[in-house]
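K.L.:
starting from these lines, generate the structure:
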Amino acid sequence: MTFCLPSEYTGKNEHKVGVREMVIVVGGGWAGCAAAFAAAQAGARVILMEKTDMLLGTGLVGGIMRNNGRFTALEEVWAMGAGDFLRHIEGVARHRWLDFPGHRHATLYDVTRIEPVIRRALLDMGIDVQLQKRVIGVFKRDRIITGVYTAQGNNIPGDVFIDTTGTAGPIKNCSRYGSGCAMCILRCPAFGPRVSLTARAGIEEIRAGDGFPHFEAMSGSCKLDKKSLAPWLVERLEREGKVVLPLPEHLQKHELLAKKACQQYNLEEFARNLVLLDTGHAKLMTPYFPLEVLRNLEGFQQARYADPYSGSKGNSIRFMAIAPCNDALQVEGVENLFCAGEKTGLLVGHTEAIATGFLAGYNAVRYLAGKKPLFLPGDLATGDIIAFMHREMKTPGGLKKKYTFSGSVYFQRMQERGLYTTDVQAIRERVARLGLLDIYREKLLR
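P.N.:
Numbers count the residues shown, from 1 in each chain. Predicted coordinates:
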């Protein structure tokens, strides 16, 4: 089987401005929330549909922003007009300019506070946020999706669609590639398995192990309930933002590093030590750790996992199905379907999801306005990572890697190309020189 990414946009959109103006975003993780915000900011009516009872998906247990090249990328998106969205994240930050092994100047947001803040921000934008609405199919005419339908029996028409359903799970994949359902934040048993909008539209996805190299991976961290940890450990964690505790040699888990979706943490420091970060919970930087062993360590005698509940033996499995799309994030084979987040390729992280979410949301409205989509230039990290990832994914070796601003192969490229900087003014000037300053604030529909 050959996986081909489409060439740049060559189609012609003849729709009249203002006639087709409903954007439907399916999937309420960071990518979906960013896409919905961007589309609303550009003037469209927006429905955001999420299968669970909370937004943000893995963002409910993540919490790391601005580490390494993510600082640059986030400031690029901010300069392009996403500031009103990103300020809400900054408003619940617990720690800023934090260094931990292999990573510098990170911001840690409070995962226990972030969801209501983002939900309110979307509602204030006039976005119709529909929770516990699991999309299971589409209505389609030729190359045009005309609507979606849910497991609850709702039929919802729309004009342009954005697939941000992610790539994690469902249970059968966690069993096949992991150790069964780890009862993670995605809660498939309660709210139903992930359903890909792209697949339901009849588009063949690139799937792990389905004629391609195995690129599935396990989520890279667990969360411990702070109340179950020793007071001295919690006090230090909240004061410093991090705790790095050396492990006895017989407990060091070098084999876990290759399993992590977050390959920017594939560093020896994370095998030799227990690394904790303060994100509201105590974020344990390992895909899993046996609880009976953890409780033998000083300060962890009463430790309990907050997510996943089966953190003793596994975590959620990600990167199971990716949409074939171009660098403007338009899905191949359907005229009015875009994608963001992990659906776009082997991208890892909140910043990566937000960056692609804003581009997809903005391009969805450009489609409605009869304009060609925006391809971000390679002189921006946010444009370069998309193009680079898509090129690399055409090769067997590239399919075995993960791409992120914060480490691994792409952060190295980012530094070599001179794209990495923490100089906010220099980043804004770079965006301005490219004619993209506040582009995401442009009202395309009125």
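
K.L.:
top helix in the chain by residue count?
P.N.:
Determined from DSSP state H, the single longest helix within the chain is helix 350-368.

K.L.:
could you dump that helix to PDB, C-alpha only?
P.N.:
Extracted C-alpha coordinates of helix 350-368, given in PDB (Å, rounded to 0.1, in the frame of the first residue of the first chain):
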ATOM      1  CA  HIS A 350      -0.900  20.700  23.200                       C
ATOM      2  CA  THR A 351       1.000  23.500  21.300                       C
ATOM      3  CA  GLU A 352       1.000  21.400  18.200                       C
ATOM      4  CA  ALA A 353      -2.700  20.700  18.500                       C
ATOM      5  CA  ILE A 354      -3.500  24.400  19.000                       C
ATOM      6  CA  ALA A 355      -1.300  25.500  16.100                       C
ATOM      7  CA  THR A 356      -2.900  23.100  13.700                       C
ATOM      8  CA  GLY A 357      -6.400  23.800  15.200                       C
ATOM      9  CA  PHE A 358      -6.100  27.500  14.500                       C
ATOM     10  CA  LEU A 359      -4.900  26.800  10.900                       C
ATOM     11  CA  ALA A 360      -7.700  24.400  10.200                       C
ATOM     12  CA  GLY A 361     -10.400  26.600  11.700                       C
ATOM     13  CA  TYR A 362      -9.200  29.600   9.800                       C
ATOM     14  CA  ASN A 363      -8.900  27.600   6.500                       C
ATOM     15  CA  ALA A 364     -12.400  26.200   7.000                       C
ATOM     16  CA  VAL A 365     -13.800  29.700   7.000                       C
ATOM     17  CA  ARG A 366     -11.600  30.700   4.000                       C
ATOM     18  CA  TYR A 367     -13.300  27.800   2.200                       C
ATOM     19  CA  LEU A 368     -16.700  29.300   3.100                       C
END
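
K.L.:
what's the average pLDDT for that helix?
P.N.:
Averaged across helix 350-368, the pLDDT comes to 98.

K.L.:
beyond it, next helix or strand please.
P.N.:
Tracing the chain C-terminally past helix 350-368 and defining elements by DSSP states H and E, one meets helix 381-392 next.

K.L.:
can you pull out the strands in the stretch 201-350 of the chain?
P.N.:
206-207, 217-218, 222-224, 242-246, 273-278, 282-284, 305-307, 317-318, 321-322, 337-339 (DSSP state E, counting those that start in this stretch).

K.L.:
where does the prediction get shaky in the chain?
P.N.:
1-20, 209-214, 252-267 (pLDDT under 70).

K.L.:
most tightly packed of the strands of the stretch 201-350 of the chain?
P.N.:
Scoring the strands of the stretch 201-350 of the chain by mean neighbour count under mean count of other C-beta atoms under 10 Å gives strand 337-339 as the most buried, with a mean of 31. C-beta: built from backbone N, CA, C; applies to glycine.

K.L.:
list the contacts of that one.
P.N.:
35, 145, 160-164, 197-198, 201, 203, 323, 325, 328-331, 356, 360, 363-364, 367 (C-beta atoms under 8 Å, 6 or more residues apart in numbering).

K.L.:
how about a cut-off of 7 Å?
P.N.:
Residues outside strand 337-339 that contact it (C-beta atoms under 7 Å, 6 or more residues apart in numbering) are 145, 161-164, 198, 201, 323, 325, 329-331, 360, 363-364.

K.L.:
tell me which of those is nearest to K371?
P.N.:
For these, the minimum distance to K371 (C-beta to C-beta) is 9.0 Å, reached by N363.
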